[in-house]
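In: the amino acid sequence is not available; the structure is as follows:
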């Protein structure tokens, strides 16, 4: 499915990571696995450090902290938020929507739209699409897009497939109309028949959490995981990314009439270094144009890895420069989507610690 | 230059890779070992094995790995 937007822009971006840093070397002993093999994986996958929230910290805590930072520093005014979109897979509650919780905690105006969307690694691109669509309404002049997840709280610390790479983080992206023509191309595909490739099997209404769903089970490869935990079929996800993402990007660039060489940066979701570099090789994109350093510094924070990569790698440049960027997100659903846009001349672009 | 068997032995020193016809089915390589193996082969042969070729059947024995290397432009 193809989309085209005009006269929309990102005008500011703030990324937040928990101050609490864990290291793979410290955690290796949790895995029922020889140290030498873990060290090889560290090198190949880029496992090193990741940021994990302290017990009890929720998505709304990160979001409120970030928005208060923007209010306090005069980078955003409370009353100018016409829509607040939250993309998360780890809401504070089943109900109400966490975007409403954030609105209430901050005392934001009532004349606004709050919207939660359940999306993961494709969540930044999906959120931008939703923001652009809302900005077609005269009454909506500024959209606050929040991507946030605290999935470490749903990941088994004894699961070597998932825990070393998971990271908690949040980002706040301010989206508004652009006074000049600025065509943005995007495309999107979804395949719900593969929805079990990334899933938390228990805890919803289908399989409510019970003492039995909290019991750690041997799930093979020396990994222990409960049904309450995130389950990732790594091989299926890897294959999905290598097969389905390159044609999506080719289609996007062809439709926009843009060559691969003219794109300054390919800012893709970062599941792990190996998967991303294989994708870069397949697409013949130089590694320097496709940053893959987020997992090693912060972990994979699903929908936040793209804005985090922007804030971590390009913050200083984006205040004055403007780049032609190709964004791509891929993951839970399964969902894969991409977007081609100009990014730059931002009012702010910053990475801060929580708290 | 290391042989494929030597590279395999570095990854899983506890196994004798000369006696198995299917490293995956015999539990000698798991999915993460395959990732480690691909990285080692890429480095050793100066290639990049195509991501879509990283499937278990291409790593089940030495002959399959040799065929994959040839397909990837290497001369095992």
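Out: Arrived safely, thanks for sending. Owing to the predicted nature of the structure, the values given are computational and were not obtained by experimental measurement.

In: the helices in chain A, which residues?
Out: Along chain A, the stretches classed as helices by DSSP state H are A:24-27, A:35-45, A:59-72, A:98-106, A:123-134, A:234-256, A:273-283, A:294-298, A:305-318.

In: how many other residues sit next to whatever residue of chain A ends up closest to chain B?
Out: With distances taken as Cβ to the nearest Cβ, chain A approaches chain B most closely at residue A:242, which sits 3.2 Å away. In short, each C-beta sits where N, CA and C put it, glycine included. Number of residues near residue A:242 (other Cβ atoms under 10 Å in any protein chain shown) recorded here: 20.

In: swap in the one 5 residues further on?
Out: Around residue A:247 there are 11 other residues, counting by other Cβ under 10 Å.

In: list the contacts for it?
Out: Under the criterion of Cβ atoms under 8 Å, 6 or more residues apart in numbering or on different chains, residue A:247 has no neighbours.

In: quick check: it vs residue A:124, distance?
Out: Residue A:247 sits 21 Å away from residue A:124, taking Cβ to Cβ, to the nearest Å as the criterion.

In: get me the contact residues on chain B for chain A.
Out: Counting by Cβ under 8 Å from any Cβ of the partner chain, the residues of chain B close to chain A are B:11-12, B:30-33, B:35-36, B:38-39, B:48, B:50-52, B:54-56.

In: hmm, try it at 10 Å
Out: Chain B comes close to chain A at residues B:10-14, B:27, B:30-40, B:42, B:47-56, as judged by Cβ under 10 Å from any Cβ of the partner chain.

In: for the buried ones among the residues you listed, write the corresponding PyMOL selection.
Out: Buried residues within the residues of chain B next to chain A, by 16 or more other Cβ atoms under 10 Å in any protein chain shown, are selected in PyMOL with:
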select buried, chain B and resi 11+12+30+31+32+33+34+35+36+37+38+39+40+42+47+48+49+50+51+54+55+56
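
In: count the residues that sit near the nearest residue in space to residue A:238 that is not next to it in sequence.
Out: Spatially, and ignoring its direct neighbours in sequence, residue A:238 is nearest to residue A:275 (5.8 Å; Cβ to Cβ, 6 or more residues apart in numbering or on different chains). Residues lying near residue A:275 (other Cβ under 10 Å) number 27.

In: what does the stretch 201-350 of chain A have sitting close to chain B?
Out: So the stretch 201-350 of chain A meets chain B at A:220-223, A:233-235, A:238-239, A:241-243, A:245-246, A:272-275, A:277-284 (Cβ under 10 Å from any Cβ).

In: which residues of chain A score low on pLDDT?
Out: By pLDDT under 70, chain A contains no weakly predicted segment.

In: point me to the residue sitting closest to the centre of it.
Out: residue A:303 (1.3 Å; Cα atoms, centre = their mean).

In: that one: what's it in contact with?
Out: Applying Cβ atoms under 10 Å, 6 or more residues apart in numbering or on different chains to residue A:303 gives the contacts A:87-89, A:117, A:119-127, A:145-149, A:169-171, A:269, A:329, A:331-332.

In: now swap in residue A:58 and tell me
Out: If you count contacts by Cβ under 10 Å, 6+ apart, then residue A:58 has A:64, A:88, A:90-93, A:98, A:101, A:148, A:150, A:153 around it.

In: again, only this time at 8 Å
Out: Contacts of residue A:58 (Cβ under 8 Å, 6+ apart): A:90, A:92, A:98, A:150.

In: contact partners for the first one?
Out: Residues counted as contacts of residue A:90 (Cβ under 8 Å, 6+ apart) are A:58-59, A:148-151, A:153-154.

In: now with 7 Å?
Out: A:59, A:149-151, A:153-154 (Cβ atoms under 7 Å, 6 or more residues apart in numbering or on different chains).

In: quick check: mean pLDDT of the lengthiest helix in chain B?
Out: Identified as the longest helix of chain B according to DSSP H is helix B:31-45. Mean pLDDT, helix B:31-45: 94.

In: show the pLDDT at the residue located most distally from the centre of chain B.
Out: Distance to the chain centre peaks in chain B at residue B:14, reaching 16.0 Å (criterion: Cα atoms, centre = their mean). Note on residue B:14: pLDDT of 93.

In: in what element of secondary structure is it found?
Out: If you go by DSSP states H and E, residue B:14 is not part of any helix or strand.

In: any idea how far it is from residue B:64?
Out: Where residue B:64 is concerned, residue B:14 sits at a distance of 21 Å (Cβ to Cβ).

In: again, but for residue A:244
Out: 25 Å.

In: also residue A:338?
Out: Between residue A:338 and residue B:64 the computed distance is 34 Å (Cβ to Cβ).

In: so between these two, which is more surrounded?
Out: residue A:338 (25 against 17).

In: please enumerate the helices of chain B.
Out: So, for chain B - with DSSP H - the helices run B:4-11, B:31-45, B:62-71.

In: these: which one's closest to residue A:255?
Out: helix B:62-71 (31.4 Å; Cβ to Cβ).

In: so which elements touch that closest one?
Out: Judged by 3 or more Cβ pairs under 7 Å, 6 or more residues apart in numbering or on different chains; DSSP states H and E, helix B:62-71 is in contact with helix B:4-11.

In: helices or strands up against the helix it packs on?
Out: Using 3+ Cβ pairs under 7 Å, 6+ apart, helix B:4-11 is in contact with helix B:31-45, helix B:62-71.

In: one more time with 6 Å
Out: With contacts defined as 3 or more Cβ pairs under 6 Å, 6 or more residues apart in numbering or on different chains; DSSP states H and E, the packing partners of helix B:4-11 are helix B:31-45.

In: quick one: the helix it packs on to helix A:234-256, angle?
Out: Helix B:31-45 and helix A:234-256 are oriented at 60 degrees to each other (axes from the mean of the first three to the mean of the last three Cα atoms, to 10 degrees).
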